[in-house]
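Participant: make a model of this:
(one chain, ligands or ions: 1)
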Amino acid sequence: MAGIREIDKALFPIKNISSVIQLFKNQLEDACEPDLALLSIVAGAVENSLTCRSNAGLQVCEPVEPTSLPVLEFHTIETLYSKFHTIMKSAVEPNKGFKSYATRELVKKVSDVVWNSLTRSYYKDRAHLQSLYSYLTGSKLDCFGVAFAVVAGCQTLGYTDVHLALSEDHAWVVFGERGTETAEVTWHGKGNEDKRGQEIGKGVSARSWLYVNNRPVICTRHMEVAALVSAINPSLNATHDAFEVALLQQELLWLLYDLGHLKKYPMAIGNLGDLEEIAPKEGRTPCNVLFEEAISSARTYYNNQHVYPYTYQGGYFYRNKMYKEAFESWANASDVIRLYNYSRDDEEIYKEFLEIANELIPHIMKVESSGFSANTILKKPECFANLLRFYDGICQWEEGSATPVLHIGWAKPLVNTISKFDAEVRAQVDIVCGKPEDDTNKRANGGYYNNNNNYEKENGTNETDILTSLGSKALKDDQSTSNFHPSIEALTA
Ligand SMILES: CC1(C)CN=C(N2CCN(c3ncnc4sc(C(F)(F)C(F)(F)F)cc34)CC2)S1
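Facilitator: Numbers count the residues shown, from 1 in each chain. Down below sits the predicted model:
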């Protein structure tokens, strides 16, 4: 890297949000390629100055302009920037003249430099450990931060073929002439041996949600900037955000959105949707449309193998009491997970489905059955149909998996929820076989069906009953007439 350019240096000392925006704008629009180290250090410094205990108190009590920031001196940034260069260059051979492609050994070496310079033991899940500012001032990084630091380190060394690859809960790198080589560079989860240096899951882990069926987000340099912006964490504490940091993140995401760098990044669009729901910007795309855009991005570029776009949207509908729509989003999320095998690395998405099934849906049932709303979802067959589709996807997720998903704790809320729908509502749900002639899910006679035509996992695992694991004996024989899992179809009897 050529070092910090005069045009960017001129923005310092940085005193407000618009100067930070301008720096990102300069880097994204006219730099040959955006300097990840510079942008991560600046974003981390701003976040740290407004959220970390030391001076947070100062900020809260002083009435300040909404966009003013604690002054950021150029010297501070330049010192950290050259420290990062020195760490990388003293340990790894730079790519003189940008001639060659990275090798697995090179990538592993950069990962080792980062890995071996981290504090021996610290709380890895803490907030504000994602940036190079955290790495260079506190020698602490979270698992995303390590992967990002490796990509930034390779950029510093002139290996511009090394890029960040992102699933919904893990990060790794791609490299080489065609960008098709892959390598683990960070850890995942708790108590798992790291697999740094190895190729990305070829074995059973390839079928787990963690590797999104080999449909990760492969970042360009500009999308790596979107990843560092998405990773900005405005949390002050468990209940409050530093509004200047949230405002900065929202403005930077809109800048990246306008430049087209979020098109293939569903989670970043979802993050922007969450921020817009809290503080809508005049004249901007409304949050509900952003959540739809995240879903169509995942459908267009990632073969609809990502779950989070549907849970972003479902969460929005739930918070806004749009329960019928929430059931549809969650059923769509379940249609994604059903084709995966559950593995021990999939805890995050397991917790997501557990919360929906055992907290959010029961809450909706309680509210809907206590109130006198004539328009209650309990009278709507399409709500019942989507609920069945939701539960059925989880049952199928478990089928053929080495690790069980469901346990008796799921059964009570499940049966409780289903029993809230009267027989004449349930009777309107037609469970039909295979792909329907037309692809709407409402039939002429007002009946509904699950319009999923593919319940076979790629490995051809057939259905086995699951309710036995839930302790219920209400099972049909295996001549079920639907492509619902027999145990779910039994519930409609
Ligand atoms: C619907 C939700 C429960 C709300 N927030 C969700 N997020 C928040 C933002 N988020 C993300 N947002 C942008 N980019 C990334 S890359 C990434 C990751 F691959 F897991 C990594 F890199 F290992 F941390 C995570 C993630 C993770 C998912 S999902």
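Participant: count of residues packed around the closest residue in space to residue 67 that isn't next to it in sequence?
Facilitator: The shortest distance from residue 67 to any non-neighbouring residue, by Cβ to Cβ, 6 or more residues apart in numbering, is to residue 17 (4.2 Å). Yep, even glycine has a C-beta here, placed from its N, CA and C like the rest. Residue 17: 20 surrounding residues under other Cβ atoms under 10 Å.
Participant: same deal with the one 4 residues further on?
Facilitator: Neighbours of residue 21 under the rule other Cβ under 10 Å: 17.
Participant: could you find the closest non-adjacent residue to it?
Facilitator: Spatially, and ignoring its direct neighbours in sequence, residue 21 is nearest to residue 251 (5.5 Å; Cβ to Cβ, 6+ apart).
Participant: verify the contact between the one you found and residue 19 for me.
Facilitator: No: the pair residue 251 and residue 19 does not pass the contact test of Cβ atoms under 8 Å, sitting 11.7 Å apart.
Participant: wait, residue 350 touches residue 406, no?
Facilitator: No: using Cβ under 8 Å, residue 350 makes no contact with residue 406, being 10.5 Å away.
Participant: please report how far the closest residue to residue 261 other than its chain neighbours lies from residue 119.
Facilitator: Closest residue in space to residue 261, ignoring its immediate chain neighbours: residue 222 at 4.3 Å, by Cβ to Cβ, 6+ apart. Applying Cβ to Cβ, to the nearest Å, the value for residue 222 to residue 119 is 31 Å.
Participant: more crowded one of those two?
Facilitator: Comparing residue 222 with residue 119 by other Cβ under 10 Å, the one with more neighbours is residue 222, at 17 against 9.
Participant: can you tell me how far the residue nearest to residue 67 is from the ligand?
Facilitator: 21 Å (Cβ to the nearest ligand atom, to the nearest Å).
Participant: what pLDDT is listed against that residue?
Facilitator: As predicted, residue 17 sits at a pLDDT of 95.
Participant: next up, the contacts around it.
Facilitator: Contacts for residue 17 were tallied using Cβ atoms under 8 Å, 6 or more residues apart in numbering; they are 67-69, 244, 247-248, 251.
Participant: so which of the residues you listed are in strands?
Facilitator: Those of these mapping onto strands are 68-69, per DSSP state E.
Participant: list only those of the contacts of residue 17 flagged as buried.
Facilitator: Buried subset of those (neighbour count, 16 or more other Cβ atoms under 10 Å): 67, 69, 244, 247-248, 251.
Participant: can you pick out the most distant pair from those residues?
Facilitator: Farthest apart among those by Cβ to Cβ are 69 and 251. That separation is 12.6 Å.
Participant: could the contacts of residue 17 be laid out in CSV, adding distance to residue 193 and pLDDT?
Facilitator: Putting those into CSV (distance: Cβ to Cβ, whole Å; pLDDT from 0 to 100) gives the following:
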residue, distance to residue 193, pLDDT
67, 46, 81
68, 46, 84
69, 41, 90
244, 40, 95
247, 41, 97
248, 37, 98
251, 40, 98
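Participant: could you save the contacts of residue 17 as a markdown table and add columns showing distance to residue 267?
Facilitator: Below are the contacts of residue 17 laid out as a markdown table (distance: Cβ to Cβ, whole Å):
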| residue | distance to residue 267 |
| --- | --- |
| 67 | 26 |
| 68 | 30 |
| 69 | 26 |
| 244 | 23 |
| 247 | 20 |
| 248 | 19 |
| 251 | 18 |
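Participant: which parts of the stretch 301-450 of the chain sit against the ligand?
Facilitator: Contact residues (Cβ under 6 Å from any ligand atom) of the stretch 301-450 of the chain with the ligand: 308, 311-312, 315, 352.
Participant: I misspoke; the intended subject was the stretch 151-300 of the chain.
Facilitator: Contact residues (Cβ under 6 Å from any ligand atom) of the stretch 151-300 of the chain with the ligand: 166-171, 227, 230, 267-268, 271.
Participant: now intersect the residues you listed with the helices, please.
Facilitator: Mapping these onto helices (DSSP state H) picks out 227, 230, 267-268, 271.
Participant: buried subset of these, written for ChimeraX?
Facilitator: Selection of the buried residues among those in ChimeraX, burial being defined by 16+ other Cβ under 10 Å:
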select :227,230,267,268,271
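Participant: show me which pair in the residues of the stretch 301-450 of the chain next to the ligand is furthest apart.
Facilitator: Maximum pairwise distance among these (Cβ to Cβ): 10.9 Å, between 312 and 352.
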